[in-house]
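Asker: Sharing a sequence plus its predicted fold:
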Amino acid sequence: AQSVTQLDSQVPVFEEAPVELRCNYSSSVSVYLFWYVQYPNQGLQLLLKYLSGSTLVKGINGFEAEFNKSQTSFHLRKPSVHISDTAEYFCAVSYNNNDMRFGAGTRLTVKP
Amino acid sequence: GAVVSQHPSWVICKSGTSVKIECRSLDFQATTMFWYRQFPKQSLMLMATSNEGSKATYEQGVEKDKFLINHASLTLSTLTVTSAHPEDSSFYICSARRDGNYGYTFGSGTRLTVV
C-alpha cells in the first residue's frame, strides 16, 4: 500500500529565510511524486512533480524538491520565502498511473 | 492548457435535498476523473475514481448510494450528494487525469454547506 507522511503540520518561518517541507512515502513499487499548494477556499496548484530522470526537480515560484529513493523522501525546498508563500502544501504520491494519495498537509506561515 | 472547471464553487442547501457538482475538462479529454473530500484543516481524501462509460470505483467507507457519480462523457463527471445532511458539509474537489503527459489537473473546489 502507498502512503504519504508529511512530518510537520505547521512550519513558521520569517520572510527571506530558507524553508524545507518534509515528505516521506511508502510504497513497494515505483512511484510518482508531487507537491501541490492550496490557498484558502481554492483548489490545488501543482508546484512540481517527479516522474523519472533527474532526482532534483525544479518547480514554479522558486520551489524545488529532491527525490531520494534510499530514504523514500521528497522534501520541498525554497531558498528564500515570501509572504505570498503562506499557504497549505500537500505532498502526493501515485503509482501505475493510478489515483493520487495525499499527505496530511503542512501549513507554511511566512512572517514579516 | 489543461484546465478543469468545477461548478458551483459554493452551494448552500437544505437538509434532505440533493446537490449536483460538475467537473469539466475544458481543453482535454479525461477518461479518468477523481473526486476528493476535504474537511477543514485536513487533507484531501479520495472518495472515488470516475471512469468514462463505466461505474465509478468507490473508496472503502464511501457510500455509493449517497454520492452518485456519473462520467457520461470524456469531459464531464458529476457528483451528486443525495439526501444531504449537515455532516456532508465539506469542500469537494475533482481532478482529471490527462493521458500521455501524465498530469493531474484539479478543479477549484466546491464548498457545500448543508443547513
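Answerer: Good, I have the coordinates. Numbering: from 1, shown residues only, chains lettered A, B, ... in the order given.

Asker: hmm, who's touching the worst-scoring helix or strand of chain A on mean pLDDT?
Answerer: One helix or strand of chain A scores below all others by mean pLDDT, DSSP states H and E: strand A:100-102, with a mean of 88. Residues from elsewhere that reach strand A:100-102 (CB atoms under 8 Å, 6 or more residues apart in numbering or on different chains): A:2-4, A:34, A:36, A:90-94, B:34, B:36, B:43-46, B:95, B:104. Where C-beta positions appear, they are placed from N, C-alpha and C, glycine not excepted.

Asker: Give me the buried subset of those residues.
Answerer: Among those, those buried by neighbour count (16 or more other CB atoms under 10 Å in any protein chain shown) are A:2, A:4, A:34, A:36, A:90-94, B:34, B:36, B:43-46, B:95, B:104.

Asker: Strands of chain B, residue ranges please.
Answerer: Here chain B has its strands, by DSSP state E, at B:4-7, B:10-13, B:19-25, B:32-38, B:44-51, B:57-58, B:67-73, B:76-81, B:90-98, B:103-106, B:110-114.

Asker: what does chain A give?
Answerer: Listed in chain order, the strands of chain A (DSSP E) span A:3-5, A:10-14, A:19-21, A:24-26, A:32-38, A:44-50, A:56-58, A:64-68, A:73-78, A:87-94, A:100-102, A:106-111.

Asker: Can you tell me who residue 11 pairs with across the strands?
Answerer: Because you didn't say which chain, this covers chain A. Taking DSSP bridges, one obtains A:Leu108 as the residues bridged to A:Val11.

Asker: nope, chain B please
Answerer: Per DSSP bridges, the residues bridged to B:Val11 are B:Leu112.

Asker: Next to chain B, which bits of chain A? Give me the list.
Answerer: Where chain A comes near chain B, counting by CB under 8 Å from any CB of the partner chain, the residues are A:32, A:34, A:36, A:41-46, A:49, A:51, A:90, A:94, A:97, A:99-105.

Asker: Nearest residue to the spatially most central residue of chain A in space, ignoring adjacent ones along the chain?
Answerer: Nearest residue to the geometric centre of chain A (CA atoms, centre = their mean): A:Trp35, 3.6 Å. Closest residue in space to A:Trp35, ignoring its immediate chain neighbours: A:Leu47 at 4.4 Å, by CB to CB, 6 or more residues apart in numbering or on different chains.

Asker: contacting residues around that neighbour?
Answerer: Counting by CB under 8 Å, 6+ apart, A:Leu47 touches A:Phe34, A:Trp35, A:Tyr36, A:Val37, A:Gly59, A:Ile60, A:Asn61, A:Phe63, A:Leu76, A:Tyr89.

Asker: And it, how close does it get to B:Tyr92?
Answerer: Distance from A:Leu47 to B:Tyr92, counting by CB to CB, to the nearest Å: 22 Å.

Asker: just checking, A:Gln42 touches B:Thr110?
Answerer: No - contact criterion CB atoms under 8 Å: A:Gln42 and B:Thr110 do not qualify, at 11.5 Å.

Asker: follow-up on the earlier one: could I have the buried ones of the residues of chain A next to chain B as ChimeraX selection syntax?
Answerer: The buried residues among the residues of chain A next to chain B can be selected in ChimeraX (16+ other CB under 10 Å) with this line:
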select /A:32,34,36,42,43,44,45,46,49,90,94,99,100,101,102,103,104,105
